[in-house]
Structures are given as C-alpha cells and as structure tokens.
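**Q** what's the 3D shape of this:
(chains A and B)
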Amino acid sequence: MTARPAGRPLVPAYLSTGGVARPSRPHLERLSVLARTEERVPPGLPAAELALLDALEGGSLAVVEAAALLGLPVSALCVLAAGLADRELIHTRAPIPPADRFDPDLLKRVADGLRALKHA
Amino acid sequence: MASAPSSTPSARRTPRATGAIHQPDTARDLVKILVAGPFGVGKTTLIDSVSEIRPLHTEEHLSEASARVDDLDGVRDKATTTVAIDFGRLSLPGGVVLYLFGTPGQERFRSLWDDIAYGALGALVLVDSRRLDASFDVLGLVEDSGLPYAVAFNAFPDSPTHHGEERLRRALDLEPSTPLVTCDARDANSSIDALLALVDHLITRDPAEAR
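**A** Just a heads-up that it's a prediction; the model follows:
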C-alpha cells in the first residue's frame, strides 16, 4: 500500500476489526487475492471474520470484492484478512504472481484479451 | 453481506451470474485501470457496460483535510464523509482479470486517489465536452500521479459536435502523444475501444516516458 497523508479517520471504521487499525501484513492491497485454507474454523471467531470466511467458501476473492460484499472499507478488510492469514485460515497472494511481475507481454495480453471480448 | 443481488437485464454478451463473483479458476494476473472523471461523466455507466459482474462498490472514508472543503450535494455531515468507489471486472482470455475502478477526479479525493492508483496500469479519463472545466482537476491528479492515460469523450446526446479534435486537445492541454477518442459509455464495444486506445498507448509509448 502507498503511504497516505496523515489524517484522523472521521468515522470509527475499525469497529469491525475489534479496534485494530493496521493489518499485520502490510503488503495486502486492493487486488490481493484471498482464499480459504483447509484449516477448520475455530469456535468463537468474531462475526466479521466469520462473514469473511463465509464469503470465501465459494472460491477466491480479491480484497476489494470481499470488502464490497461485507460492506467494509478496504482498509478494514485488510485488517481482517491479515488476522485470518496469521491464523492460517486463509491464503493471501499478490495480484500478480512474482513470476509474471515483469512480464513484458502482460500489456499485450490485456490488449489481446480486450480484442477477443469485442469480437466474441 | 454476501447476498445475491438480481442483475438487471441487459444486452451484454456475457450473462452475469447473480451474486457469483468469485474469481474464475483461470485467474492469474489481476490488473487494474482507473476510469477517472468528474461526477456524472459516465464512469459507472462505462464500467457497467463492460463488467462481467454487476458493478460493486466500497465505501471509502475521506480524510479530514478533504472533508473540510467537501461540498458534495446532499452530504452535509462532515463527520460521516465517505465516497463510494465503484468497480467492475473483466476476465480476459489468457488468465488476466482486468478491474476497472471508477475514480472521482476532484482535488479533495487526492489521498484516496493515490491509494486506488497504486499498481494501476493506467487511467482512462472520461470527459464531458459540455463541461470541459470539470475535467481539469482530474487531469491534474492523473498527471501528478505519473499514471499514463488516455482521454475519452463520452458522447452525450446533446454534446456539442462542433469541437474539432485540435480544439479539444488545446482546451485540455493534452500532449500530442496522449490518445483522444470518443466513446459511448453505454455501449460495451465502444467502451472496450476506449480501453484499447489506452492499452495500445501503454504498449507503444516511448519507454523514456515510463515511470
């Protein structure tokens, strides 16, 4: 995440996170991919964390998609996801796998893909 | 919560599953493009016309600094100033999933802008030729952020047709290399063409211009 200019949040956006304001994994971003692990859900998880695990039952979601489904700001979702990842209840991965990060063909794949959609 | 919203009927090619927004199994590279512009220019319309999912949104909080100058119509309570950021998604053949983020272009959204722009391939700036001045802020934000961009005029029925391309370029103070296209944000193919104008620009632009 990029650093944001200092500014007190005006709304207690982090009530859903039990008062935790910073994710324990700073690398989570809007398009990081979240997926459930095989780990069994322990009893007594807070409702917001259960809701996130529930949303991931059907498959993986980008952080921003999970945030939209749960009605949470992206920043709050990152805190939840990091906590669940620390407990190995979910996997997180970068939007672009490291092997593809410097792929010079990535833009070309986007262009080709868009053209294919158009002629579909 | 993860309810299953009903999608509105539309003529798009890819039928939208209701509520099913999980990543396709083929998803590998997730990339994003910002669709930027002033309120009412058609950002959400464009995203809606091409997205395979019903456009979703997140509620983002504005910083205090921006709230002070905020004059959003109907938003008078500064203590609860939030802005909804719409996004949509296109799963492209080849494992790329392209996200489009509707990004408001006002100066007061600068902190949010930087956050959303992080890692973006580029920006498609939507402009309404009936009110060019509303686009100056957004062009300033895009240029400050260093994101490569293309400009698309969203053609409204009453858009003036007498603007020549050169006049528009001059009015917006665009570089000669910046793509300038006209699109109908309601039309999927037209919107894809505008996105292609941006992506082709990203591919062909002088590497010296790259960030």
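**Q** what are the ranges of the strands in the chain?
**A** All of this refers to chain A. Counting by DSSP state E, chain A has strands at residues A:33-36, A:61-62, A:90-93.
**Q** that's the other chain; I wanted chain B
**A** Secondary structure of chain B by DSSP E: the strands cover B:29-37, B:56-61, B:82-92, B:96-104, B:122-127, B:149-154, B:180-183.
**Q** Can you tell me which of the strands of chain A is most buried?
**A** Among the strands of chain A, ranked by average contacts under mean count of other CB atoms under 10 Å in any protein chain shown, first place goes to strand A:61-62 (a mean of 26). For the C-beta atoms, the positions are set from N, CA and C on the backbone; glycine is no exception.
**Q** other SSEs contacting it?
**A** In terms of contacts (3 or more CB pairs under 8 Å, 6 or more residues apart in numbering or on different chains; DSSP states H and E), strand A:61-62 is packed against strand A:33-36.
**Q** who's in contact with the strand it packs on?
**A** A:52-53, A:56-57, A:59-63, A:66, A:81, A:89-95, B:23, B:27, B:30 (CB atoms under 8 Å, 6 or more residues apart in numbering or on different chains).
**Q** again, but for stretch B:150-161
**A** B:37, B:41-42, B:45-46, B:122-130, B:168, B:172, B:174, B:178-185, B:194, B:197-198, B:201.
**Q** Kindly report the same for stretch A:74-85.
**A** For stretch A:74-85, contacts defined as CB under 8 Å, 6+ apart pick out A:1, A:13-14, A:16-17, A:20-25, A:28-30, A:32, A:34, A:48-49, A:52-53, A:63-64, A:66-67, A:70, A:72, A:90-92, B:58, B:60, B:115.
**Q** Show me which of those are buried.
**A** A:1, A:13-14, A:16-17, A:23, A:28-30, A:32, A:34, A:48-49, A:52-53, A:63-64, A:66-67, A:70, A:72, A:90, A:92, B:58, B:60, B:115 (16 or more other CB atoms under 10 Å in any protein chain shown).
**Q** Just those residues: which are in helices?
**A** Within these, residues falling in helices by DSSP state H are A:48-49, A:52-53, A:63-64, A:66-67, A:70, B:115.
**Q** Nearest to B:Pro93 among those?
**A** A:Val64 (22.5 Å; CB to CB).
**Q** tell me the contacts of the closest one?
**A** Residues near A:Val64 by CB under 8 Å, 6+ apart: A:30-31, A:74, B:56, B:58, B:87, B:99.
**Q** If we use 10 Å, what do you get?
**A** With contacts defined as CB atoms under 10 Å, 6 or more residues apart in numbering or on different chains, A:Val64 is in contact with A:29-32, A:74, A:77, B:30, B:32, B:56-58, B:85, B:87, B:89, B:99, B:101, B:116.
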